[in-house]
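K.L.:
When you get a sec, could you give me coordinates for this:
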Amino acid sequence: MGRASVPTKLSIGRWFYWMGVHPLHGNQVEVAGLAPATGCQQPWLQHSWQAADRMGREELAMAIVTAENNIETQLGYRLLPSWEEDEWRATVRPYDPTLVNISGATARGYRQIVKGKWGHFITGGVETKTLIAAGVAIGWSDADGDGYDETGTVPVPPITVPTTVTDPCEIAIYYPGKAAANEWEIRAVSVSIAAGLVTITFRRENTVLETKQEMMGAKAVDGLDDAMFLDEVDIYRRWNDPQTQVTMMWEPTGSCDCGSTTCPQCIYAVQAGCLHLRGEPIGSLIAYTPATWDAAAQAFYSTEWSVGRLPDIVKLYYLAGLGGRADCPRRSMDWLWEKTVADYAAALMERPICDCATASDRVTKAQADLAFSGGASELSSYNLSSSDLDNPFGTRRGAVMAWKQVKQHAAGRVVHA
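P.N.:
Got it, this is the predicted structure:
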């Protein structure tokens with residue numbers, strides 16, 4: 001997995017996978033005779049200042065986030081479904097500025113729409129984390145018999161989850177006592193729910209103690225020493241709560257119709273409602289309507305506008321983004337974009353990943369500057385168009401390859417050079 005204070009969509013562990021970094025070494029773990037930390041297989045540390053001659057996981061996370069943000073800005077949609085909160089959008093006004101829409105509907109009688117900032121709309125709602133069990137003990141086992149207890153299992157035995165929890169992809173585990181903050185999630189877990197019982201398995205190297213990662217004199221931890229790893233985790237349900245989808249807002253008119261001198265000014269009148277998609281998901285054309293949430297029925301029911309005209313502003317709360325791999329499409333990025341982000345992040349790095357003469361061949365290739373115009377080998381190796389070299393991501397190979405993918409997949413959108 002690899003932990004960092006800046007959460008990434010592409011996990012650090014998956015970056016290690018694509019760059020050919022040993023998962024134990026990437027997570028600061030060594031096992032004598034199995035994965036010794038020697039040469040360029042030395043352990044990655046949490047911070048660059050802990051080993052000033054090479055990258056740390058925090059610096060790597062910043063490169064990954066930068067790559068993700070740059071790609072998403074050009075695509076117009078997230079690389080993995082994400083919750084967008086408090087997104088302000090102006091409503092559609094009548095063509096004649098002297099008119100006011102008092103019905104809240106179009107000329108055809110349909111609900112008015114706004115365009116969400118991010119494409120591939122999925123549903124309205126907000127991210128919610130519900131504690132299932134805290135301080136659950138981890139059971140370690142050696143599935144392949146190599147002497148390293150690589151498999152963690154929680155809980156042992158399985159525990160009962162609420163009947164509302166049926167999707168294994170909604171189950172997440174975190175370092176204990178961290179209130180399920182995203183940066184403390186233990187990712188790359190396998191979850192099964194059978195007859196209301198949940199079982200979770202994960203890799204041992206993803207649970208190195210925080211104290212061992214953050215200490216001044218940080219070094220590799222012994223993978224055979226249980227004291228170097230967590231002995232318990234917190235289990236949460238991470239899910240979309242549909243109750244909050246849109247807040248409709250009316251600007252005050254500047255006068256009090258009731259004749260009172262105490263009616264509020266300089267604040268919006270507000271009303272809750274619900275959202276639904278109109279047209280293709282990629283466009284995120286979202287219709288809004290006033291509605292009240294019925295907790296018992298788990299549904300919205302129609303209500304009247306609280307102000308007798310179309311709202312001026314709507315605040316949106318929704319889940320949107322490109323679905324990923326089939327196992328957990330809302331949590332596992334598509335293979336193509338994983339590779340693209342990994343290469344682009346490598347191209348953004350400004351420090352070596354280790355202090356030896358040779359680094360990961362994949363990283364070295366991603367960092368090659370294709371705009372270099374001197375030297376026989378470079379002149380004979382690269383033959384790219386000016387449009388690929390003159391792109392907003394830069395001229396290193398990983399950046400150029402990312403730009404090619406963006407141009408190919410930004411369907412219906414203008415990409416900005």
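
K.L.:
Would you mind giving the domain segments of the chain?
P.N.:
For the chain, automatic domain parsing gives the domain ranges 12-77+326-409, 83-125+242-320, 128-240.

K.L.:
Helices of the stretch 1-150 of the chain, residue ranges please.
P.N.:
Under the criterion DSSP state H, counting those that start in this stretch, the stretch 1-150 of the chain contains helices at 12-19, 23-26, 57-75.

K.L.:
Show me the longest strand that occurs in the protein.
P.N.:
strand 126-137 (DSSP state E).

K.L.:
that's a helix at Val406, yeah?
P.N.:
Yes. Assessed by DSSP: H, G, I helix; E, B strand; the rest coil, Val406 belongs to a helix.

K.L.:
ok so, going back, in CSV: the helices of the stretch 1-150 of the chain, plus mean pLDDT and distance to Val363.
P.N.:
Glycine gets a C-beta too; all of them are placed from N, C-alpha and C. CSV is the format used below for these (pLDDT from 0 to 100; distance: least, Cβ to Cβ, whole Å):
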stretch, mean pLDDT, distance to Val363
helix 12-19, 94, 6
helix 23-26, 91, 13
helix 57-75, 96, 11
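
K.L.:
Is it correct that Val246 is in contact with Ala272?
P.N.:
Yes. Using Cβ atoms under 8 Å, Val246 is in contact with Ala272, at 7.1 Å.

K.L.:
who has more neighbours, those two?
P.N.:
Val246 (26 against 17; other Cβ atoms under 10 Å).

K.L.:
Any figure for the gap between the more buried one and Gln298?
P.N.:
18 Å (Cβ to Cβ, to the nearest Å).

K.L.:
How about Thr166?
P.N.:
Distance from Thr166 to Gln298, by Cβ to Cβ: 14 Å.

K.L.:
Check Ala346 too.
P.N.:
Separation of Ala346 from Gln298 (Cβ to Cβ): 45 Å.

K.L.:
who's more crowded, the two?
P.N.:
When neighbours are counted by other Cβ under 10 Å, Ala346 and Gln298 differ, and Ala346 comes out ahead with 28 against 10.

K.L.:
So which other helices or strands are in contact with the helix or strand where that one lies?
P.N.:
For Ala346, the element it lies in under DSSP states H and E is helix 335-348. On a contact count with 3 or more Cβ pairs under 8 Å, 6 or more residues apart in numbering; DSSP states H and E, helix 335-348 meets helix 12-19, helix 57-75, helix 361-367, helix 397-409.

K.L.:
Dump the ones you listed to CSV, plus distance to Tyr318 and mean neighbour count.
P.N.:
Output for the helices and strands packed on helix 335-348, formatted as CSV (distance: least, Cβ to Cβ, whole Å; neighbours: other Cβ atoms under 10 Å):
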stretch, distance to Tyr318, mean neighbour count
helix 12-19, 26, 22
helix 57-75, 16, 21
helix 361-367, 34, 18
helix 397-409, 21, 21
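
K.L.:
Leaving out sequence neighbours, find the closest residue to Trp337.
P.N.:
Leu79 (4.9 Å; Cβ to Cβ, 6 or more residues apart in numbering).

K.L.:
what's the burial count for that neighbour?
P.N.:
Applying other Cβ under 10 Å, I find that Leu79 has 24 neighbouring residues.

K.L.:
per-residue pLDDT, it?
P.N.:
Leu79 is assigned a pLDDT of 96 by the prediction.

K.L.:
any idea how far it lies from Ile122?
P.N.:
Taken as Cβ to Cβ, the span from Leu79 to Ile122 is 14 Å.

K.L.:
Spit out the residues that contact the two alike.
P.N.:
Shared contacts of Leu79 and Ile122, defined by Cβ atoms under 8 Å, 6 or more residues apart in numbering, comprise Gly321.

K.L.:
Have a look at the protein and report the helix or strand with the lowest mean pLDDT.
P.N.:
Least confident helix or strand of the chain, by mean pLDDT, DSSP states H and E, is helix 376-381 with a mean of 50.

K.L.:
after that one comes which helix or strand?
P.N.:
Note on helix 376-381: by DSSP H and E, the next helix or strand toward the C-terminus is helix 386-389.

K.L.:
buried sites along that next one?
P.N.:
Under the neighbour-count criterion of 16 or more other Cβ atoms under 10 Å, helix 386-389 has Asp388 buried.

K.L.:
What of stretch 346-354?
P.N.:
Result for stretch 346-354 [16+ other Cβ under 10 Å]: buried residues 346-349, 352-354.

K.L.:
Lowest-confidence one in those residues?
P.N.:
Looking at the buried residues of stretch 346-354 by pLDDT, the weakest one is Cys354, with 73.

K.L.:
one step back: export the domains of the chain to a markdown table and tack on distance to Val6?
P.N.:
Listed next are the domains of the chain as a markdown table, based on distance: least, Cβ to Cβ, whole Å:
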| stretch | distance to Val6 |
| --- | --- |
| domain 12-77+326-409 | 5 |
| domain 83-125+242-320 | 17 |
| domain 128-240 | 7 |
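
K.L.:
any idea which of these is most buried?
P.N.:
Mean neighbours per residue, mean count of other Cβ atoms under 10 Å, is largest over the domains of the chain for domain 12-77+326-409, with a mean of 18.

K.L.:
Quick one: end-to-end distance for that one.
P.N.:
24 Å (Cα to Cα, to the nearest Å).

K.L.:
So in terms of bridging, what pairs with Asp241?
P.N.:
Val126 (DSSP bridges).
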